[in-house]
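K.L.:
structure here, sequence nowhere to be found:
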């Protein structure tokens, strides 16, 4: 099974159920967990996650700390990815990761690892990079506006979903709706902070955590003027289907249908 | 024809095209325009709108200034409504208007005026009160949460639409989605600031102004746990249809279909 865990940022470290799920899915205490801190501008990020995963019982989590393209493809780095059971991509700025790793052998190994079942988790920027069509930059606000998001190619573990993160907390529905008006074949998945979208086999999304994920489906979009609007003016778009899903809910990516657990009847 | 002009608040007084449209629809310079300032806590509000409408060429706009239920049904007030061509409801707090006027003869006259074709415009709180199911209070945020909106009966010029205002500016999609999960038969219409939804004959919405209106349609909603959730936790809701519409777009309330002008081909 392939597994992505796309976290919306700001996990509560006092109640790290999402990290626990990542560790569990990667194999528990014996899992070989690799942390990629490159999106972060802070030198301490890698070690902080290593400490966090140790606290959760993982015996030997390792942070791969390098900051130049020349260092990316070192044999020890490639071997670490080849031996991993779980890879955790820290937050920061998604373009740091992509400009560092895009086109490298390291990137190829990451994608190969995902395909053979290594559990990939990321938070914030580490969620954005999981999409093929990645939101590189953007602006908040509930109304879609021209150029409210700019795109770049992410690692592309999935090409079915465009992730956005800090979703409710940074008021990003407008830019995600804009992204879907621009890419109506993809599905927008906005992940709130301290919340995760777990994607199994690129066919099913499970919701974990305290807040919600917002799915924007452009399949029924019947009109938009996205190609005509200029100067950051609002974009009109008709027929976006929205699903707001909380812990326990799931979404079928093939049928594009949400499952919400029915009322508990006693 | 019946006409509602639901303005999202914060009209730009330097570029008052929405006020101009109200005046025009009410009959222009000779229109008998009545201002209702009761939602506002500021004594000057009525006079400010009187000045604004005078600047736009209206000869004798009148503000009906009273603040007690006992005064509402004075003969002169009822006569003013009976003689009006246009009624403008200022912003402030919607419950001030409703607690002052609910159940009065004055309210009956307002509704009768609307039905015989008097143009009703309102901004902010003056938009909220136009709905039958009115959002009385609420909280911002893109995720629908339990009790993120509280309801009360508005004047009810329309029972097809639940208006919300300052929509994008106060991040109110969550509370409007919550309102529609609670009232799936109604249509949520979130109006941005300096923007208006013009409702003709309770069947067609036209968009005017600088920003957008966001329509939330619950007709295709296939599941929600809104009845089960407690303690302001996020509510799951699947299948809300969203339309973001800008100036020049329209919406057919009967077929629930949006029209976006097609690209201009030269």
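P.N.:
Good, I have the coordinates. Model, not experiment: these values are computed from the prediction.
K.L.:
where does the closest residue to chain B within the stretch 101-250 of chain A land in three-state SS?
P.N.:
Taking CB to the nearest CB as the measure, the point where the stretch 101-250 of chain A comes nearest chain B is residue A:238, at 3.6 Å. C-beta coordinates here come from the backbone N, C-alpha and C atoms, glycine included. Reducing the assignment at residue A:238 to three states with DSSP: H, G, I helix; E, B strand; the rest coil gives strand.
K.L.:
ok, now which ones touch it?
P.N.:
A:221, A:222, A:223, A:224, B:243, B:244, B:245, B:249, B:257, B:258, B:260 (CB atoms under 8 Å, 6 or more residues apart in numbering or on different chains).
K.L.:
now it. Nearest residue, chain neighbours left out?
P.N.:
residue B:258 (3.6 Å; CB to CB, 6 or more residues apart in numbering or on different chains).
K.L.:
for that neighbour, list each beta-bridge partner.
P.N.:
For residue B:258, the beta-bridge partners under DSSP bridges are residue B:251.
K.L.:
can you show me the strands along the stretch 51-200 of chain A?
P.N.:
Secondary structure of the stretch 51-200 of chain A by DSSP state E, counting those that start in this stretch: the strands cover A:62-63, A:86-89, A:119-123, A:133-138, A:149-153, A:161-164, A:187-191, A:195-200.
K.L.:
how about the helices of chain A, start to end?
P.N.:
Taking DSSP state H, the helices of chain A run over residues A:17-26, A:45-55, A:69-72, A:75-83, A:94-101, A:105-115, A:125-128, A:173-182.
K.L.:
can I get those in JSON lines with mean pLDDT and mean neighbour count?
P.N.:
Output for these, formatted as JSON lines (pLDDT from 0 to 100; neighbours: other CB atoms under 10 Å in any protein chain shown):
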{"stretch": "helix A:17-26", "mean pLDDT": "96", "mean neighbour count": "21"}
{"stretch": "helix A:45-55", "mean pLDDT": "96", "mean neighbour count": "18"}
{"stretch": "helix A:69-72", "mean pLDDT": "92", "mean neighbour count": "14"}
{"stretch": "helix A:75-83", "mean pLDDT": "97", "mean neighbour count": "14"}
{"stretch": "helix A:94-101", "mean pLDDT": "90", "mean neighbour count": "20"}
{"stretch": "helix A:105-115", "mean pLDDT": "97", "mean neighbour count": "17"}
{"stretch": "helix A:125-128", "mean pLDDT": "95", "mean neighbour count": "29"}
{"stretch": "helix A:173-182", "mean pLDDT": "86", "mean neighbour count": "27"}
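K.L.:
reformat these as a markdown table; add distance to chain B.
P.N.:
Shown next, in a markdown table, are the helices of chain A (distance: least, CB to the nearest CB, whole Å):
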| stretch | distance to chain B |
| --- | --- |
| helix A:17-26 | 15 |
| helix A:45-55 | 25 |
| helix A:69-72 | 37 |
| helix A:75-83 | 36 |
| helix A:94-101 | 21 |
| helix A:105-115 | 28 |
| helix A:125-128 | 17 |
| helix A:173-182 | 5 |
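K.L.:
got JSON lines for these, with distance to residue A:137 too?
P.N.:
Below are those laid out as JSON lines (distance: least, CB to CB, whole Å):
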{"stretch": "helix A:17-26", "distance to residue A:137": "26"}
{"stretch": "helix A:45-55", "distance to residue A:137": "21"}
{"stretch": "helix A:69-72", "distance to residue A:137": "21"}
{"stretch": "helix A:75-83", "distance to residue A:137": "27"}
{"stretch": "helix A:94-101", "distance to residue A:137": "8"}
{"stretch": "helix A:105-115", "distance to residue A:137": "21"}
{"stretch": "helix A:125-128", "distance to residue A:137": "10"}
{"stretch": "helix A:173-182", "distance to residue A:137": "9"}
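K.L.:
between those, which one is nearest to residue B:228?
P.N.:
helix A:17-26 (20.9 Å; CB to CB).
K.L.:
right, and the residue nearest to residue A:238 touches residue B:248 too?
P.N.:
No: the pair residue B:258 / residue B:248 is not scored as a contact, 11.6 Å apart, by CB atoms under 8 Å.
K.L.:
between those two, which has more neighbouring residues?
P.N.:
Set residue B:258 next to residue B:248 and count neighbours by other CB atoms under 10 Å in any protein chain shown: residue B:258 wins out with 23 against 13.
K.L.:
give the rounded mean pLDDT of stretch A:35-44.
P.N.:
If you average the pLDDT over stretch A:35-44, you get 95.
K.L.:
likewise for stretch A:223-232?
P.N.:
Mean predicted lDDT for stretch A:223-232 stands at 83.
K.L.:
what do you get for stretch A:251-258?
P.N.:
Across stretch A:251-258, the average pLDDT comes to 95.
K.L.:
the closest residue to residue A:74 other than its chain neighbours: what's it in contact with?
P.N.:
Residue nearest to residue A:74 in three dimensions, not counting chain neighbours: residue A:66, with 7.4 Å by CB to CB, 6+ apart. Contacts for residue A:66 were tallied using CB under 8 Å, 6+ apart; they are A:38, A:72, A:74, A:77.
K.L.:
wait, doesn't the last one sit right on residue A:69?
P.N.:
This means residue A:77. No: assessed by CB under 8 Å, residue A:77 is found out of contact with residue A:69, at 11.7 Å.
K.L.:
in the sheet, who's paired with the residue of the stretch 101-250 of chain A closest to chain B?
P.N.:
Beta-bridge partners, per DSSP bridges, of residue A:238: residue A:223, residue B:243.
K.L.:
report how many residues lie close to residue A:147.
P.N.:
16.
K.L.:
enumerate every residue touching residue A:235.
P.N.:
Residue A:235 neighbours (CB under 8 Å, 6+ apart): A:143, A:144, A:145, A:146, A:178, A:181, A:224, A:225, A:226, A:229, B:244, B:246.
K.L.:
ugh, wrong one, I meant residue A:60
P.N.:
Listed by CB under 8 Å, 6+ apart, the contact set of residue A:60 reads A:32, A:33.
K.L.:
do the same with residue A:165
P.N.:
Shown in contact with residue A:165 (CB under 8 Å, 6+ apart): A:6, A:7, A:8, A:9, A:123, A:124, A:125, A:127, A:128, A:190, A:191, A:193.
K.L.:
repeat that for residue A:213.
P.N.:
A:8, A:167, A:189, A:190, A:191, A:192, A:195, A:197, A:205, A:207, A:244, A:245 are the contacts of residue A:213 under CB under 8 Å, 6+ apart.
K.L.:
give the residues shared as contacts by residue A:77 and residue A:69.
P.N.:
Applying CB under 8 Å, 6+ apart, one finds that no residue jointly contacts residue A:77 and residue A:69.
K.L.:
distance between stretch A:252-266 and the chain's centre?
P.N.:
22 Å (CA atoms, centre = their mean, to the nearest Å).
K.L.:
residues in contact with that stretch?
P.N.:
Outside stretch A:252-266, the residues within contact range by CB under 8 Å, 6+ apart are A:160-161, A:187, A:199, A:202-205, A:215, A:217, A:219, A:241, A:243, A:245, A:248-251, B:222-225, B:227-228, B:236-239.
K.L.:
and it, what's buried?
P.N.:
Within stretch A:252-266, the residues that count as buried by 16 or more other CB atoms under 10 Å in any protein chain shown are A:253, A:258, A:259, A:260.
K.L.:
cool, and stretch A:23-41?
P.N.:
By neighbour count on 16+ other CB under 10 Å, the buried set for stretch A:23-41 is A:23, A:25-26, A:31-40.
K.L.:
do stretch A:153-164 as well
P.N.:
Buried residues in stretch A:153-164, defined by neighbour count with 16+ other CB under 10 Å: A:154, A:155, A:157, A:158, A:160, A:161, A:162, A:163, A:164.
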